[in-house]
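Asker: this one's structure only:
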């Protein structure tokens, strides 16, 4: 497999497992600690299930004090810790380490407060994303970020990954919708980041913590912003006979000053796959389709729809349909939402990538992907959050064919490198985890990586929180070959190595 | 204007690092009043200017730190766009770097996001003189720690922002401001009630006598919303929000210390002497008071928020809300991680770093 723990990322410690389990048990009670192989099995991987590892132990604390005690103990003994929410992450961020503790926040599942007047929800990290909107619905409010796993994923994981969704262009990512978090640091201290208002004192550690993939602290409470539920939403379904035309239409919509709540594109491979699967009514012959949704008050979306329809036609749409009612709107979206399962239906396995590119580079990126697809002999379908430039190529494969997964990962790596080349990024919303840790060596140069490590040490000097994830060691990068090595000498020999 | 001084700035920081001499980062000086006093050799950033890239269909603009905000806003306006956070200038030459370092956001902030929300990527110099790039020119990017947003509001103490990429937004087709007379309790109640309904709001402030509400969107939407919303239409609506943003209203001109309090929007009026002005639907409160710093900090903290002495003189040297010990030590560690020799703006944010 492509991913391997690098020796420089391994936290070695001489701690005796049985003694350590005894110490943990003192803090966690009977139900709070799992240590038999059978009990540990469900925690061996997250949504990136190609990689598995049994942790030493799983702890299931119920109180902040227990989290503090576990982290203090791990700190004292030098044992690594990996935090986990629902385990729906797609980048392996919650993959356990073999000689460490997996800290599950599953029991932190309480909605502490819905404050309808201040429009906030104060929740524990194990609360599911969708459960927040459900609890807020009686007050006409909802929590905006809606990652596709929102039925199952937890808000704690969303904060750790800075999750997105299909409405990011208008409503932002998790970082734009969280007001405050309480975090237990590796020293076992509880700190509050952010404030009851719209900002916090001092440095913006709330922004830094969001998307830090469990490397800086363990989040034990989150306050999120709630928004009024938009009274109306309508979606346009536009078909195009080329990807270029669809891309041009998307740019024209944005350039015209419209701000769609959702703006999605699918290529012909994906369109055919979902149409066969859910019969959403997509035109099967289209080279690309665009879904463009507006929400808000009725008068606003009427004017927006009118202009968007004109733009699509002017940009060469072969057909433009508008959802007549809520049922049709849901049907138009059903296809998009079924894109991943549909890929799973036409292929034994699929691998979902997550790059972001400047929108205008889309045609050339898709051309490059199709060249790579031919070169590797693997079919790639493309789903594109066109509003925010987030591209999800789906590589279809069969894991039972020896060597095929390795080829897929190799192809995936090439696609991410293409994203970086055109000024984009290797991950828009799924996180780096272990999955894209090698590509981090391409995205960033040595001085930036060194700065990340310095930030990490500011919170976790011993490097015990989620080691080997998100930020590669410079040794890894040296071996990955992205770093400039000449005559056996690393570039920047004066920099510290980790 | 277009001038690339990044190499000269890098050299200046590297020299300062070698000699261990502190640097006082200065753009146009429009926000020099804000924060604690600092000292050091002046590092001039105002000459590092130019809009590097602006792609209207991508909603992203990248500019050097010394670029005047007015220039950026003019270019955006030509394409029907704006900076979503409506940054205060506080001076004709106000620069992008200063706006981001101070992290100020104007009246549109609760509805369109803050300066840090708009920040997509940046190039900085850290205290070792390394030139570093974080984030990028795309909306969604979770590769690496979010250092770009950490720079916003750090008052230059973590690094010199050389360039920044910001999310832009289309300017609403139409904006109308309406006003209502009421007392402060009714104002807080009304503003919070409106915010929990899907009104197309983009500004909500109370000056002690009247609420001003700004409605934004397409012509049809704003006209329809205005009819249902009620209130008296303010003919000079745009200038009211500009004057509020720039603190040119009567309230701000009076003598005395001006405090900025950030609180949950429905927080009842705090028990502090002086005059209040409520922006951000109640979440941002300006307070003209001669109360001692300790009293203001304590009241803000009790309400779960924080306070800063925005303009005026502190009786005890403190300007920003004191941090609890755990948070303070994280700040000190982070300062060392970016600026190990303590070169940048020493003491501007907190006494110890």
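Answerer: That came through fine. Here the structure is a predicted model, which means the values were calculated and not measured. Numbering: from 1, shown residues only, chains lettered A, B, ... in the order given.

Asker: what's near enough to touch the closest residue to residue A:322 other than its chain neighbours?
Answerer: Excluding the flanking residues, the one nearest residue A:322 by C-beta to C-beta, 6 or more residues apart in numbering or on different chains is residue A:236, at 5.4 Å. C-beta here means a position set from N, CA and C on the backbone, and glycine is covered the same way. Residue A:236 makes contact with A:290-293, A:305, A:308-309, A:312, A:320-323 under the criterion C-beta atoms under 8 Å, 6 or more residues apart in numbering or on different chains.

Asker: likewise residue A:392?
Answerer: By C-beta under 8 Å, 6+ apart, the residues touching residue A:392 are A:352-354, A:382-385.

Asker: and it, that's in a helix?
Answerer: No - applying DSSP: H, G, I helix; E, B strand; the rest coil, one finds residue A:392 to be strand, outside a helix.

Asker: closest to chain B among the contacts of residue A:392?
Answerer: For chain B, the closest of the contacts of residue A:392 turns out to be residue A:385, at 7.3 Å, with distances computed as C-beta to the nearest C-beta.

Asker: bridged to that closest one, which residues?
Answerer: Beta bridges link residue A:385 to residue A:390, judged by DSSP bridges.

Asker: burial of it, as a residue count?
Answerer: When counting by other C-beta atoms under 10 Å in any protein chain shown, one arrives at 26 neighbours for residue A:385.

Asker: now swap in residue B:232 and tell me
Answerer: Neighbour tally, residue B:232, other C-beta under 10 Å: 11.

Asker: got the contact list for the nearest residue to it once chain neighbours are set aside?
Answerer: Spatial nearest neighbour of residue B:232, chain neighbours left out: residue B:179 (5.4 Å); criterion: C-beta to C-beta, 6+ apart. The neighbours of residue B:179, taking C-beta under 8 Å, 6+ apart as the test, are B:210-213, B:231-232, B:234.

Asker: surely residue B:179 forms part of a strand?
Answerer: Yes - judged by three-state DSSP, residue B:179 forms part of a strand.

Asker: follow-up on the earlier one: tell me which element the residue nearest to residue A:322 is part of?
Answerer: strand A:232-240 (DSSP states H and E).

Asker: neighbouring strands of that strand in the sheet, and parallel or not?
Answerer: Each strand that strand A:232-240 pairs with, and the sense of that pairing, follows from DSSP bridges: strand A:288-296 (antiparallel), strand A:319-322 (antiparallel).

Asker: buried residues in that strand, which are they?
Answerer: By neighbour count with 16 or more other C-beta atoms under 10 Å in any protein chain shown, strand A:232-240 contains the buried residues A:232-240.

Asker: over to stretch B:1-17?
Answerer: Residues of stretch B:1-17 classed as buried by neighbour count (16+ other C-beta under 10 Å): B:5-6, B:9-10, B:12-13, B:16-17.

Asker: could these be laid out in JSON lines, adding distance to residue B:121, secondary structure and pLDDT?
Answerer: Compiled in JSON lines, the buried residues of stretch B:1-17 are given as follows (distance: C-beta to C-beta, whole Å; DSSP: H, G, I helix; E, B strand; the rest coil; pLDDT from 0 to 100):
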{"residue": "B:5", "distance to residue B:121": "20", "secondary structure": "coil", "pLDDT": "98"}
{"residue": "B:6", "distance to residue B:121": "15", "secondary structure": "helix", "pLDDT": "97"}
{"residue": "B:9", "distance to residue B:121": "18", "secondary structure": "helix", "pLDDT": "98"}
{"residue": "B:10", "distance to residue B:121": "18", "secondary structure": "helix", "pLDDT": "98"}
{"residue": "B:12", "distance to residue B:121": "23", "secondary structure": "helix", "pLDDT": "98"}
{"residue": "B:13", "distance to residue B:121": "20", "secondary structure": "helix", "pLDDT": "98"}
{"residue": "B:16", "distance to residue B:121": "25", "secondary structure": "helix", "pLDDT": "98"}
{"residue": "B:17", "distance to residue B:121": "24", "secondary structure": "helix", "pLDDT": "97"}
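
Asker: which of those residues sits closest to residue A:262?
Answerer: Comparing the buried residues of stretch B:1-17 against residue A:262 with C-beta to C-beta places residue B:6 closest, at 38.5 Å.

Asker: wait, the closest one touches residue B:162, no?
Answerer: Yes - in terms of C-beta atoms under 8 Å, residue B:6 counts as a neighbour of residue B:162; the distance is 5.3 Å.

Asker: got any residues that touch both of the two?
Answerer: Here residue B:6 and residue B:162 share the contacting residues B:48, B:64, B:123, B:131, scored by C-beta under 8 Å, 6+ apart.

Asker: beta-bridge partners for the second one, please?
Answerer: On DSSP bridges, the residues paired with residue B:64 through beta bridges are residue B:163.

Asker: in the stretch 251-353 of chain B, which spans are strands?
Answerer: With DSSP state E, counting those that start in this stretch as the criterion, the stretch 251-353 of chain B has strands at B:257-262, B:275-279, B:284-289, B:306-311.

Asker: same list (those strands) but as TSV, adding mean pLDDT and mean neighbour count.
Answerer: As requested, the strands of the stretch 251-353 of chain B are arranged in TSV below (pLDDT from 0 to 100; neighbours: other C-beta atoms under 10 Å in any protein chain shown):
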stretch	mean pLDDT	mean neighbour count
strand B:257-262	98	23
strand B:275-279	97	20
strand B:284-289	98	22
strand B:306-311	98	22
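
Asker: which one, of these, ends up nearest to residue B:217?
Answerer: Closest approach to residue B:217 among the strands of the stretch 251-353 of chain B is made by strand B:275-279 (20.7 Å; C-beta to C-beta).

Asker: now what about the closest one, what contacts it?
Answerer: Strand B:275-279 is contacted by residues B:107, B:184, B:187-188, B:191, B:204-208, B:244, B:249, B:251-252, B:254, B:269, B:284-289 when judged by C-beta under 8 Å, 6+ apart.

Asker: next up, the contacts around the nearest residue to residue B:198 once chain neighbours are set aside.
Answerer: On the basis of C-beta to C-beta, 6+ apart, the spatially nearest residue to residue B:198 that is not a chain neighbour turns out to be residue A:228, at 4.2 Å. Contact criterion C-beta under 8 Å, 6+ apart gives A:140-141, B:195-199 as the residues in contact with residue A:228.

Asker: ok, residue A:391 next?
Answerer: A:353-357, A:362, A:365, A:382-385, A:419, A:428.

Asker: please flag which of these sit within strands.
Answerer: Among these, the residues falling in strands (DSSP state E) are A:355-356, A:382-385.

Asker: how about CSV for these, with pLDDT added?
Answerer: Rendered in CSV, the data for these read as follows (pLDDT from 0 to 100):
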residue, pLDDT
A:355, 94
A:356, 95
A:382, 94
A:383, 93
A:384, 93
A:385, 92
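
Asker: select from those the one having the most neighbours.
Answerer: Counting by other C-beta under 10 Å, residue A:355 has the largest number of neighbours within the ones in strands among the contacts of residue A:391, with 31 neighbours.
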